[in-house]
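Q: here is the input, now give the coordinates:
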Amino acid sequence: MDTIASLFSFITWPVSWVIVQFHKLYGAIFGPDTGWAWGLSIVSLVVLIRICLIPLFVKQIKSTRNMQLLQPKMKAIQERYKSDKQRQSEEMMKLYKETGTNPLSSCLPIIAQSPFFFALYHVLSAIASNKKIGVIDQSLLDSARQAHIFGAPLAAKFMDSAEKVDALGASLTDVRVVTAVMIVMMSASQFFTQRQLMTKNVDLTVKTPYMQQQKMLMYIFPLIFAVMGINFPVGVLVYWLTTNVWTMGQQMYVINQNPTPGSKAQEQYLGRVLKSVTTHGEVRGRTRRNTVKRIVAKGPDRNDIERKFVVGLAKLGLAPQEDGTVAKSDTAVAEAEGGAPQRRQQPKRQTKAQRQTGAAHQGGPKDDDSVDSASKTSLKKSTAQDDKSKPAGKTASGSSRQAKSGQRKGPQRPKHPSKK
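A: Sure, this is the predicted structure:
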């Protein structure tokens with residue numbers, strides 16, 4: 001870890017400078033040698049870094065969402081070009097280019113803050129070794145070595161020996177209890193962050209290998225942090241715990257305000273919007289109006305949750321508009337159902353007596369006579385035609401054989417002598 005941290009020594013000066021500036025502020029409030037002054041300086045460093053990384057976080061959210069939506073298409077490409085890996089890679093890159101998706105965007109926040117993490121580790125390791133680093137001179141170094149967070153020195157580790165901990169003015173028991181609690185909290189926050197992403201902000205109608213990978217990471221990441229945490233100084237644990245809490249809160253806000261379409265979070269969000277419309281009679285807030293605007297733009301491509309939301313508005317006599325507002329509409333129910341025409345009602349089935357009675361009332365006696373005369377005439381014509389079609393000299397038995405099913409009408413071809 002020390003070797004990796006030394007690779008980012010070029011950024012230790014700005015990191016140490018930021019910590020010192022925050023230390024001056026908090027030192028004036030809590031005292032320069034207290035753990036609160038140094039601990040809050042590290043927390044403020046995290047907040048400052050994460051604010052700067054908000055654009056990357058937004059890009060990460062969009063990339064993750066696009067990856068979820070592209071999973072069915074990616075799976076189809078893999079199955080289609082199963083035996084041609086080169087063509088499979090080309091089609092994947094083409095799909096990413098067409099949709100504007102970058103698979104590496106989901107890792108950008110972690111990659112971007114890695115230099116600051118290792119630089120802070122390098123600074124705290126120098127404090128533990130009583131070495132000046134960056135803008136931290138000897139007086140600040142002595143102050144940082146005296147700072148304790150709940151009895152644990154800022155530069156102490158879980159795996160430190162009793163002699164090293166004594167040199168920092170603390171007991172080994174205090175150090176291990178504090179670091180163990182912080183490691184558990186750090187792993188738990190990482191697990192909860194990944195869990196709320198999988199249980200609330202994933203389209204449950206699409207089952208892809210990507211979801212299985214995310215479920216595995218939900219359990220693997222906390223274990224990795226727990227194993228690595230025993231080698232982190234207390235100050236680094238404060239840094240990483242603050243980062244996880246910030247990520248968890250930031251993600252919770254995004255899930256509540258801009259959930260993934262088709263997810264459980266979207267169902268809860270649209271339920272809150274519908275409740276607000278029921279109470280106030282309008283869509284309040286620009287974010288909610290933008291959501292309604294996107295639902296209207298989808299048209300027939302809405303998912304089940306969005307259709308349910310539109311039907312809920314229709315029951316209130318309201319219809320969503322293109323600008324994200326709602327307006328009263330008498331045809332809201334028909335529009336909510338996709339504009340489907342109403343089913344034609346089938347007439348009730350009548351009995352035979354009712355049909356005969358109806359025919360008698362409609363046709364009258366003259367019609368019955370005409371029908372009878374017409375039927376008699378047609379019967380006579382058909383009988384005459386049958387008589388003409390019979391060849392002379394044919395017996396009744398011949399005509400009966402000719403009337404058998406499956407035989408052709410007219411003269412039959414003589415059978416072969418071998419078949420007689």
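
Q: ok, residues contacting stretch 281-297?
A: Contacts to stretch 281-297, defined as Cβ atoms under 8 Å, 6 or more residues apart in numbering, come from residues 257-258, 269-270, 273, 276-277, 302, 306, 309-310, 320-326. C-beta here means a position set from N, CA and C on the backbone, and glycine is covered the same way.

Q: swap in stretch 124-141?
A: 2, 5, 12-13, 15-17, 19-20, 23, 122-123, 144-145, 153-156, 164, 168, 233, 235-236.

Q: in helices only, show me those.
A: Taking DSSP state H as the definition of helices, the contacts of stretch 124-141 contribute 2, 5, 12-13, 15-17, 19-20, 23, 122-123, 144-145, 164, 235-236.

Q: in contact with Trp240, which residues?
A: Applying Cβ under 8 Å, 6+ apart, one finds that Trp240 lies in contact with 117, 186, 225, 229, 232.

Q: three-state assignment of it?
A: Here Trp240 is recorded as helix under DSSP: H, G, I helix; E, B strand; the rest coil.

Q: leaving out chain neighbours, which residue sits closest to Gln250?
A: Phe57 (6.4 Å; Cβ to Cβ, 6 or more residues apart in numbering).

Q: ok, that neighbour touching Trp246?
A: No - in this structure, Phe57 is not within contact of Trp246 by Cβ atoms under 8 Å, at 9.9 Å.

Q: overlap of the contact sets of these two?
A: Counting by Cβ under 8 Å, 6+ apart, the common neighbours of Phe57 and Trp246 are Arg50.

Q: where does the chain dip in pLDDT?
A: 1-9, 64-65, 67-69, 71-72, 102-108, 202-214, 330-349, 352, 358-420 (pLDDT under 70).

Q: the same query, at a cut-off of 50, please.
A: Low-confidence segments of the chain, defined by pLDDT under 50: 339-343, 364-406, 420.

Q: how about the strands in it?
A: 148-149, 152-153, 318-320, 326-328 (DSSP state E).

Q: mind putting the ones you listed in TSV, distance to Lys215 and mean neighbour count included?
A: Converted to TSV, the strands of the chain look like this (distance: least, Cβ to Cβ, whole Å; neighbours: other Cβ atoms under 10 Å):
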stretch	distance to Lys215	mean neighbour count
strand 148-149	34	22
strand 152-153	35	28
strand 318-320	35	23
strand 326-328	38	14
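
Q: so which of these comes closest to Lys73?
A: Ranking the strands of the chain by proximity to Lys73 (Cβ to Cβ) places strand 318-320 first, at 29.0 Å.

Q: elements contacting that closest one?
A: Strand 318-320 is packed against helix 286-298, helix 304-315, strand 326-328, helix 332-336, with contacts defined by 3 or more Cβ pairs under 8 Å, 6 or more residues apart in numbering; DSSP states H and E.

Q: that strand pairs with which strands?
A: As defined by DSSP bridges, the strand partners of strand 318-320 come to strand 326-328 (antiparallel).

Q: identify the residues contacting the partner strand?
A: Applying Cβ under 8 Å, 6+ apart, the contact partners of strand 326-328 are 277, 282-283, 292, 313, 317-321.

Q: can you do 7 Å?
A: Residues outside strand 326-328 that contact it (Cβ atoms under 7 Å, 6 or more residues apart in numbering): 277, 282-283, 313, 317-321.

Q: picking up where we left off before, put the buried members of the contacts of stretch 281-297 into a PyMOL selection.
A: In PyMOL, this line selects whichever of the contacts of stretch 281-297 come out buried by 16 or more other Cβ atoms under 10 Å:
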select buried, resi 258+269+270+273+277+302+306+309+310+320+324+326
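
Q: so who does Gly35 touch?
A: Shown in contact with Gly35 (Cβ under 7 Å, 6+ apart): 147-149, 154.

Q: let's see 8 Å
A: Gly35 makes contact with 147-150, 154, according to Cβ under 8 Å, 6+ apart.
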